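**Student:** Just need the structure, nothing else, for what follows:
(2 chains)
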Amino acid sequence: MSYLSSRLGRKIEAKYRPAGESMTDVQLMIQVVVSSLLLGGIYALVAAGFNLIYGVMDVINCAQADMMMVAMYVTYWSFALGGVHPLLTLAINIPLFFAVGVLVQKYVIDRLLGAPLFIQAVATIGLGYVIQNLALLFWKEDYRMIMIPYTESVLRVADLHISLPRLVSFVGSLVVVASLYAFLTKTDLGVAIRATSENRDASSLMGIDVRQVYALVFGIGVACAGVAGVFTSTFYYAYPMVGTAFLLKMFVVVVVGGCGNLLASVAGGITIGLAEGVGAFVLGASWKEAIYQAVFLIVLALKPEGIFGSSR
Amino acid sequence: MAGLLVAAIIPIVLTPFLLHVAIMVGLFAYVGSAWNLGCGYTGKLSWGHSAFMGLGAYASTMLYIAYRITPWLGALVGTLVAAGFGMVVGAICFRLGLKGHYFVIATIALAEIVRVSFINWADLGGAWGLLMPVVRDSLYDFQFHSTRIPYYYIIFAMLLGLLYLKWRITNSKLGYYFTAIKDDEEMAESLGIDTFKYKVIAMMISAALTAFGGTFYAQYVMYISPDTVMSVHVSTDILMGPVVGGMGTLLGPLLGSAIVQPIMELTRAYVGRRGLDYVVAGSLTVAVALMRPSGVIGWFEKPFEAIFASSSQTHKEG
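**Tutor:** Below is the predicted model of the structure:
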């Protein structure tokens, strides 16, 4: 790894290598892969809600990431003002964001169904703009981070340093996506949702209340953003524009994984997490946004239905 | 004609702040129209026009800083570079046959790659960006500090030129091809039109014109950085005018920009807290998308058509 001798390489090395200890290049690489993998799990959760909404309702919710930003702030303020442990905020965020989702579906999205794609995108981007800038208005541009022993604890596993909040978030994200998948495949309600996604008119004729299914799906999708916000705030800063970076990533994860397929978005999340982490390690951290966009374009060119998706 | 006359006289009576608002309206009407020209013709919606604007801004600013080449020539270089990149974007997106969301996201992806490349390009100022050296007012240097009125007339002329160009294209063979493609692409293809070629051409024209707007922005604001001229937010700003006014219409972007920009500038100036400007503009965009997806121009169609009809007659007479 000759690039490690470069200035850039040393900078990255310093970031990943704990002070006062020596690590071989192989160990360093494993460290990077593990860290990126953990991050990829969170991307999967962030994208899962977006993907569910897209798959069932054929709506792209560009405000999804900004809702996650609000969830990060809810977590931060519960901690800062009430001293609530970030993970306990899950109990607030899941019902709260489910309700927000149902309301947004009822008053905004419902009027957009069947509208041209671009109008949907413009409306939800506009909504995201409003949320983002309300956050800027009320909470300023400060970067806010929850600093407690939990968010700073690191596990040592055979010379590897694993951040505990990232590990918990990774496992938590996979559990959420897996239970969502089980819900969609094993329960009657889930089957109704999938039927609606296959054919709206036929399900409507079979007695499924499509509007209620949509409210439920949008609620669940936004609740995913609520959960993702809690997890993300344990290892990342909350600031008003944090959604933009996540939104772009969300698009890419969904397309790379496969549209409308929850498990594919897990694979997509991990692919993008790895591409970003390893790419940043090799080329330098400032390139990471370009790396995952390039991966996206390559996938689009070679396998537009997504690496793990079937054409729909 | 009366509208043109009012627009020509108005800067003399405006206060400096209102003049600034008028210039921003002009700039976003211009880039919005340029965006509209490409996307209206191909029926594909680009969310990556910030890259073209940024390339235009960087080309002219860089050439001026390094060699003191007049930004007017720099703008020409910028339009060529942007047209080249527009060709790449068009070639990739249209060759892959991207539709719907995929096209939108792919344009964002390409623009992001450009932005990140510029952040990493140390010779071009990297993430810090470039500061235009301040010199005395002159048309050669494209800088006017004692009064902003020249900027107003320049953007006004650029906008008129763009509208004229669009009118000329619409009534040319190229325009007929574009219309055919927009109405029914498969039909156009079966009639022997090389739809791929003409869609790429539309994208290139739109890119080049947007880049010129980028040069104007750089000369007006005197500072550019990858985040201020190339981020996704810039693309959103560009398309807010056409969306609010009416996509695919001749005067929609102008009307939309005349609604959105003053609201944003006024909230910025009189409320003074960051964020409210976009809260208002965003709410307006959502409201228009929900209630009037075709844009507000419908409410004004008759008076606007009358203005345009008279001006197009003038062209024919001349």
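
**Student:** okay, now residue B:169: neighbour count?
**Tutor:** A count of neighbours around residue B:169, defined by other C-beta atoms under 10 Å in any protein chain shown, yields 17. Glycine gets a C-beta too; all of them are placed from N, C-alpha and C.

**Student:** For residue B:134, what are phi and psi?
**Tutor:** Dihedral angles of residue B:134 (phi, psi; degrees, to the nearest 10) stand at phi -90, psi 130.

**Student:** Just the pLDDT for it.
**Tutor:** At residue B:134, the predicted lDDT confidence score is 86.

**Student:** so where does the nearest residue to residue A:222 once chain neighbours are set aside fall, helix or strand?
**Tutor:** Once its chain neighbours are removed from consideration, residue A:222 has its nearest residue in residue A:101; the separation is 3.0 Å (C-beta to C-beta, 6 or more residues apart in numbering or on different chains). Assignment of secondary structure by DSSP states H and E places residue A:101 within helix A:90-107.

**Student:** mind listing what's buried in that helix?
**Tutor:** Within helix A:90-107, the residues that qualify as buried by neighbour count (16 or more other C-beta atoms under 10 Å in any protein chain shown) are A:90, A:92-94, A:96-98, A:100-102, A:104-105.

**Student:** which other helices and strands contact it?
**Tutor:** Contacts of helix A:90-107 with other secondary structure elements, assessed using 3 or more C-beta pairs under 8 Å, 6 or more residues apart in numbering or on different chains; DSSP states H and E, are made with helix A:64-82, helix A:210-233.

**Student:** what do you get if the cut-off is 10 Å, keeping everything else the same?
**Tutor:** Using 3 or more C-beta pairs under 10 Å, 6 or more residues apart in numbering or on different chains; DSSP states H and E as the contact criterion, the elements in contact with helix A:90-107 are helix A:25-57, helix A:64-82, helix A:164-186, helix A:210-233.

**Student:** what's the average pLDDT for the third one?
**Tutor:** The average of the pLDDT scores along helix A:164-186 is 92.

**Student:** what's the offset of that helix from the middle of its chain?
**Tutor:** Averaged C-alpha coordinates place helix A:164-186 at 12 Å from its chain's average position (C-alpha atoms, centre = their mean, to the nearest Å).

**Student:** separation between the nearest residue to residue A:260 once chain neighbours are set aside and residue B:214?
**Tutor:** Nearest in space to residue A:260, with sequence neighbours left out and distances taken as C-beta to C-beta, 6+ apart, is residue A:55 at 2.9 Å. From residue A:55 across to residue B:214, the span is 38 Å (C-beta to C-beta, to the nearest Å).

**Student:** between these two, who's got more neighbours?
**Tutor:** A direct count of neighbours by other C-beta under 10 Å for residue A:55 and residue B:214 places residue B:214 higher, at 32 against 22.

**Student:** Surely the more buried one and residue B:59 touch.
**Tutor:** Yes. Distance between residue B:214 and residue B:59: 8.2 Å, which falls inside the contact criterion (C-beta atoms under 10 Å).

**Student:** got a list of what the residue nearest to residue A:260 touches?
**Tutor:** Contacts were defined as C-beta atoms under 10 Å, 6 or more residues apart in numbering or on different chains; by that measure residue A:55 touches A:184, A:193-194, A:197, A:217, A:221, A:254, A:258-262, A:265, A:312.

**Student:** Show me which residues of the stretch 1-150 of chain B sit near chain A.
**Tutor:** Residues of the stretch 1-150 of chain B that fall close to chain A, judged by C-beta under 10 Å from any C-beta of the partner chain: B:39, B:44-45, B:47, B:92-93, B:95-106, B:108-117, B:119-120, B:126-127.

**Student:** Which members of the residues you listed are classed as buried?
**Tutor:** With neighbours counted using 16+ other C-beta under 10 Å, the residues of the stretch 1-150 of chain B next to chain A contain these buried positions: B:39, B:44-45, B:47, B:92-93, B:96, B:98, B:101-106, B:108-116, B:119-120.

**Student:** So which of those residues are in helices?
**Tutor:** Secondary structure assignment by DSSP state H places B:39, B:92-93, B:101-106, B:108-116, B:119 of these in helices.

**Student:** Stretch A:234-254 close to chain B?
**Tutor:** Yes. Judged by C-beta under 10 Å from any C-beta, stretch A:234-254 and chain B are in contact via A:240-241, A:244-245, A:247-248, A:251-252, A:254.

**Student:** for that stretch, what is the average pLDDT?
**Tutor:** Averaged across stretch A:234-254, the pLDDT comes to 88.

**Student:** Does residue B:65 touch residue B:134 like I think?
**Tutor:** No. Distance between residue B:65 and residue B:134: 11.9 Å, which falls outside the contact criterion (C-beta under 10 Å).

**Student:** Of those two, which one has the most company?
**Tutor:** Neighbours of residue B:65 and residue B:134, each counted by other C-beta under 10 Å, are more numerous for residue B:65; the result is 16 against 9.

**Student:** Let me see the contact set for the more buried one.
**Tutor:** Taking C-beta under 10 Å, 6+ apart as the contact definition, residue B:65 lies against B:74, B:124-125, B:130-133.

**Student:** now with 7 Å?
**Tutor:** Contact analysis of residue B:65 by C-beta atoms under 7 Å, 6 or more residues apart in numbering or on different chains lists B:130, B:133.

**Student:** Next, work out how far apart it and residue B:223 are.
**Tutor:** Here the distance between residue B:65 and residue B:223 works out to 12 Å (C-beta to C-beta).

**Student:** same thing with residue A:183?
**Tutor:** 51 Å.

**Student:** same check, this time on residue B:29
**Tutor:** Taken as C-beta to C-beta, the spacing of residue B:29 relative to residue B:223 amounts to 22 Å.

**Student:** Same question for residue A:30.
**Tutor:** From residue A:30 over to residue B:223 the distance is 44 Å, taken as C-beta to C-beta.

**Student:** same question, residue A:175
**Tutor:** Residue A:175 sits 48 Å away from residue B:223, taking C-beta to C-beta as the criterion.

**Student:** Between the two, which is the more surrounded one?
**Tutor:** Each of residue A:175 and residue B:223 had its neighbours counted (other C-beta under 10 Å), and the higher figure belongs to residue B:223 (15 against 12).

**Student:** how about the nearest residue to that one, chain neighbours excluded?
**Tutor:** Excluding its sequence neighbours, the residue lying closest to residue B:223 (C-beta to C-beta, 6+ apart) is residue B:131, at 5.4 Å.

**Student:** Spit out the contact partners of the most centrally placed residue in chain A.
**Tutor:** The geometric centre of chain A, computed from its C-alpha atoms, lies nearest to residue A:46 (C-alpha atoms, centre = their mean), at 1.8 Å. For residue A:46, the contacting residues are A:68, A:228, A:246, A:250, taking C-beta under 7 Å, 6+ apart as the criterion.
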